[in-house]
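Colleague: Predicted model and sequence below, questions to follow.
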Amino acid sequence: MEATVGGIAAGLVAKKIVPFEQVAKQAKIINIEYNNAESDLALVDLVLVTGDFIGSRAIWDVSNLQEGIFAIAESATVGLSSIAATLQTVKQNEDAAIHVIMGEGNTTVRAPIAPGTYETIPVKEYKRINLEEKVTMKGPGVLAFDGERDRVLQEDETIVVSVSKKRSLGYKYS
């Protein structure tokens, strides 16, 4: 989009001449609720990996993958979401996500987890989930938000995860 046109469009929304909801595409978000009432979010995927420290944030050892929620799983992607995409496609505009539990089972996938790097990942089970459907994940492990390890879950610590299109973090556009 040309910058002047973008500026005009932003001005029309800011002055409430054009409703925000009419022109803005609302993306899915992955909502994470912790035991202590804290919350967090991811945009594409949330994956629980084995371990108790963050270290280098990127995930290179796929044998540590335990479980994931994938809001977007499209075949043309590279990264952890490509694991889910090999099982079932969920487009950005679909009102769904995929919950994948990694581990020995009846399925293995070969997915591009990094540029030029394909890995074979065993999948125990997977399920398409609806928006607002809640999934509980249990530690111990490290949570990776959109491919980057970021938070340690202690033994017996649980989180509740859901995917929505609700605005988050208190942002109000009215």
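Modeller: It's in.

Colleague: residue ranges for the strands of this structure, please.
Modeller: Ranges of strands in the chain, per DSSP state E, are 29-34, 39-42, 45-49, 65-70, 96-114, 117-130, 135-138, 141-145, 148-153, 158-164.

Colleague: From one end of stretch 128-141 to the other, what's the distance?
Modeller: Taking Cα to Cα, to the nearest Å as the measure, stretch 128-141 stretches 23 Å from start to finish.

Colleague: May I ask you to name the longest helix in this protein?
Modeller: Longest helix in the chain by number of residues (criterion: DSSP state H): helix 3-14.

Colleague: buried ones in that helix?
Modeller: For helix 3-14, a neighbour-count test (16 or more other Cβ atoms under 10 Å) marks Val13 as buried. Any C-beta I mention is one placed from the backbone N, CA and C, and that applies to glycine too.

Colleague: can you give me the offset of it from its chain's centre?
Modeller: For helix 3-14, the separation from the chain centroid amounts to 30 Å (computed by Cα atoms, centre = their mean, to the nearest Å).

Colleague: still on that earlier bit, now render the strands of the chain as a markdown table, adding mean pLDDT, mean neighbour count and distance to Ala85.
Modeller: Below are the strands of the chain laid out as a markdown table (pLDDT from 0 to 100; neighbours: other Cβ atoms under 10 Å; distance: least, Cβ to Cβ, whole Å):
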| stretch | mean pLDDT | mean neighbour count | distance to Ala85 |
| --- | --- | --- | --- |
| strand 29-34 | 95 | 19 | 16 |
| strand 39-42 | 92 | 17 | 16 |
| strand 45-49 | 96 | 25 | 10 |
| strand 65-70 | 97 | 24 | 8 |
| strand 96-114 | 95 | 17 | 7 |
| strand 117-130 | 97 | 15 | 11 |
| strand 135-138 | 97 | 16 | 19 |
| strand 141-145 | 93 | 23 | 17 |
| strand 148-153 | 85 | 17 | 19 |
| strand 158-164 | 96 | 19 | 16 |
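
Colleague: export these to a markdown table and tack on distance to Thr77?
Modeller: Shown next, in a markdown table, are these (distance: least, Cβ to Cβ, whole Å):
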| stretch | distance to Thr77 |
| --- | --- |
| strand 29-34 | 16 |
| strand 39-42 | 15 |
| strand 45-49 | 10 |
| strand 65-70 | 10 |
| strand 96-114 | 8 |
| strand 117-130 | 13 |
| strand 135-138 | 21 |
| strand 141-145 | 15 |
| strand 148-153 | 16 |
| strand 158-164 | 17 |
